[in-house]
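S.K.: just to be clear, the model below is a prediction. Sequence and coordinates:
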Amino acid sequence: MALSSKPNKIFSSSSSSSPSLFFSQSSNSSSKSKSKSLSFLHTSSKSKPQLKTTQFTNTKINSILKTTTPTTKTTPQKKYPEEISSPKPTILVSEKLGEAGLRVLRDFGHVECLYDLSPDDLCSKISDCDALIVRSGTKVSRRVFEASNGRLKVVGRAGVGIDNVDLSAATEFGCLVVNAPTANTVAAAEHGIALLAAMARNVAQADASIKAGKWERNKYVGVSMVGKTLAIMGFGKVGSEVARRAKGLGMHVIAHDPYAAADRARGVGVELVSFDQAVSTADFISLHMPLTPTTSKLFNDDTFSKVKKGVRIINVARGGVIDEEALVRALDAGVVAQVGNYEEPPPKDSKLVQHENVIVTPHLGASTKEAQEGVAIEIAEAVVGALNGELSATAVNAPMVPPEVLSELAPYVTLAEKLGKLAMQLVAGGSGIKSVRVIYKTARDPDDFDTRLLRAMIIKGIIEPISASIVNLVNADFTAKQKGLRISEERVRVDTSPEFPVDSIEIRISGVESRFASSVVENGEVKIEGKVKYGVPHLRCVGNFDVDVSLEGNLILCRQVDQPGMIGQVGNILASQNVNVSFMSVGRIALKRKAIMAIGVDEEPNKDTLLKIGQVPSIEEFVFLNL
């Protein structure tokens, strides 16, 4: 919409009609990788694409990870999230959970404990639920997410493994999946060591023999563990705890895990080796990897052909990582001497379970009183936190960010999302965004700077105003790929204080037309840059113009001739309409040349007020942006 008394003057407003955006089919790039308005579990429903004029409520610094929902702007609102009443969320618990965890859930929402639901019953019930907590027995399939009709926001897995949850579908539907990976770590490791010792000394077989009235002391001669090599396959939390305990038993411990850090392994006294080296040199093998398409039946005939003859295998991971028929063949041939295993309910005719050289238990890894209570509390707190809008450190399908990093990145998360929104609004309606380049300037080693969380928030800020689907931290990358939006990232080392993780974030959009020509630099890219000052996100650069204005409320950018009285003229126009100015900054190329005036306003000026600003003789173009 162009309103101007001069042919060459451009006026743009966020209240203009929805732009038509087209996305290329290029893929999103990836990297290694408490805000005032994190809102990663965006709960608003949308029926059709529209360019929204939104207002994000201001929140207190001590509520930095609370959810705030974008609402259509009518009148200025200053309510904090805790002042806004909303119905309690409904949390469905489909498998038994410790009472301590249930108390946490009941203090927060309405809890329904419905056990042994059939798949059909679960699908019928799920559309009334905001969160679902399961253990290993409930299959949370794509059908469940489809049946939820977008209401299901969190799935909590009370335990470590998440192979019973369709993560791809959860991500696609914007549902966060959290687990409880720490509370049962020690219990699972202890169970692994118990199986290791019982297997080495034939404890279960000797016990059964005695109870059968036999005395077969010579038959059950075991092997010593001291000096033997134990290969840990999967050096995560449980695997590393098993390693620590095995070292205490005098074992030599090696490990294979393509994602484990070498320094962390060295800290435990463990050497990281290749898969083939691990299986071919180990006297004992302990499995701790998750069940994924990559690890399914990883231990098969080919693997057993590489192992040391007489190897003993402990599996306290998932049964599916072993091809059971291949394992039985290896046992019968004496290639594998013994197996210590725990199972989900096995078939009655399982040859593996019945094999005399196999010790088997139910899935008892987390079955201690202490672990059960710990898991219940851990998953309950993770689910409650997620429903509150907090990004859990145990999130499985969102950027995995440790709590201390979350705290440090908090203001930059807000900055990233607001820069994304601002960049989106600077693109003219007829343009098609195909690629976005993000440049992070930091005093820290760029290779060690994890940008996953910031990238997700930039994507959210760019896509959400023009997307018909819910966009949040969980599905931001997925949605960008679906839209064909390519996000590239660069990390630039700058000479500033390494005390702060980010000096500034720069966003560049190429191949588009801009609603504010001054935001375009020499190579045709729309460019903006922001940084955090005193804990508050600020805009520091638009195009080639340096500015300094807080990214709060709304923003007016004006390109003008640099001359006295300009601030007063625009300020008087806004004051006459009772529009409060919160910040103002002027950036110029040179004295008495072109300048950009950036004005932060608490309220959205009406069209007449904006028209009056456009009629100021020395203002050449301006744009109103809603943040």
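M.R.: Yep, that arrived.
S.K.: need the residues that contact stretch 320-338.
M.R.: For stretch 320-338, contacts defined as CB atoms under 8 Å, 6 or more residues apart in numbering pick out 163, 199-200, 287, 289, 291, 295-301, 303-304, 307, 309-313, 315, 339, 350-352, 355, 357-359. Backbone N, C-alpha and C define where each C-beta goes, glycine included.
S.K.: in the protein, which helix or strand is least confident?
M.R.: Sorting the helices and strands of the chain by mean pLDDT, DSSP states H and E puts strand 54-55 at the bottom, at a mean of 28.
S.K.: re the thing from before, are any of the contacts of stretch 320-338 buried, and if so which?
M.R.: 163, 199-200, 287, 289, 291, 295, 298-300, 303-304, 307, 311-313, 315, 339, 352, 355, 358-359 (16 or more other CB atoms under 10 Å).
S.K.: now, those that are in strands?
M.R.: The strands, defined by DSSP state E, take in 287, 311-313, 315, 339, 358-359 from the buried ones among the contacts of stretch 320-338.
S.K.: how about low-confidence regions in the stretch 151-300 of the chain?
M.R.: 259 (pLDDT under 70).
S.K.: cool, and the chain?
M.R.: In the chain (pLDDT under 70), the answer is 1-86, 259, 342-344, 391, 399-402, 429-432, 446, 466-472, 588-592.
S.K.: how's it carved up into domains?
M.R.: Domains of the chain are assigned by the TED database as 90-179+373-388, 185-359, 401-535, 544-626.
S.K.: which stretch among those domains comes nearest residue 395?
M.R.: Residue 395 lies closest to domain 90-179+373-388 among the domains of the chain, at 5.5 Å (CB to CB).
S.K.: report the separation between the two terminal residues of the closest one.
M.R.: Taking CA to CA, to the nearest Å, domain 90-179+373-388 runs 13 Å from one end to the other.
S.K.: what's the offset of that domain from the middle of its chain?
M.R.: Centroid separation for domain 90-179+373-388 versus its chain: 17 Å, with CA atoms, centre = their mean, to the nearest Å.
S.K.: residues in contact with the spatially closest residue to residue 89 that is not a sequence neighbour?
M.R.: With CB to CB, 6 or more residues apart in numbering as the criterion, residue 89 has its nearest non-adjacent residue at 3.8 Å, and that residue is residue 130. Contacts for residue 130 were tallied using CB under 8 Å, 6+ apart; they are 89-91, 109, 151-154, 387.
S.K.: re the thing from before, between the ones in strands among the buried ones among the contacts of stretch 320-338, which sits nearest residue 365?
M.R.: The closest of these to residue 365 turns out to be residue 315 (CB to CB; 10.6 Å).
S.K.: how far away is the closest one from residue 284?
M.R.: Between residue 315 and residue 284 the distance is 12 Å, computed by CB to CB, to the nearest Å.
S.K.: same check on residue 447?
M.R.: 36 Å.
S.K.: and if you look at residue 297?
M.R.: Note on residue 297: its distance to residue 284, by CB to CB, is 21 Å.
S.K.: check residue 396 too.
M.R.: Residue 396 sits 30 Å away from residue 284, taking CB to CB as the criterion.
S.K.: quick one: which of those two has more around it?
M.R.: Neighbour totals were compared for residue 396 and residue 284, and residue 284 leads with 25 against 19 (other CB atoms under 10 Å).
S.K.: so that one bridges to which residues?
M.R.: Beta-bridge pairing for residue 284 (DSSP bridges): residue 230, residue 312.
S.K.: hang on, isn't it packed against residue 310?
M.R.: No - at 10.4 Å, residue 284 and residue 310 do not qualify as touching, with contact defined as CB atoms under 8 Å.
S.K.: where do the strands of the stretch 301-450 of the chain begin and end?
M.R.: Counting by DSSP state E, counting those that start in this stretch, the stretch 301-450 of the chain has strands at residues 311-315, 336-343, 358-362, 435-442.
S.K.: and the contacts of the third one?
M.R.: Residues from elsewhere that reach strand 358-362 (CB under 8 Å, 6+ apart): 191, 195, 198-199, 203-205, 331, 338-343, 345-346, 352-353.
S.K.: just the buried ones from the residues you listed?
M.R.: Using 16+ other CB under 10 Å, the buried ones in these are 191, 195, 198-199, 203-205, 331, 338-343, 352.
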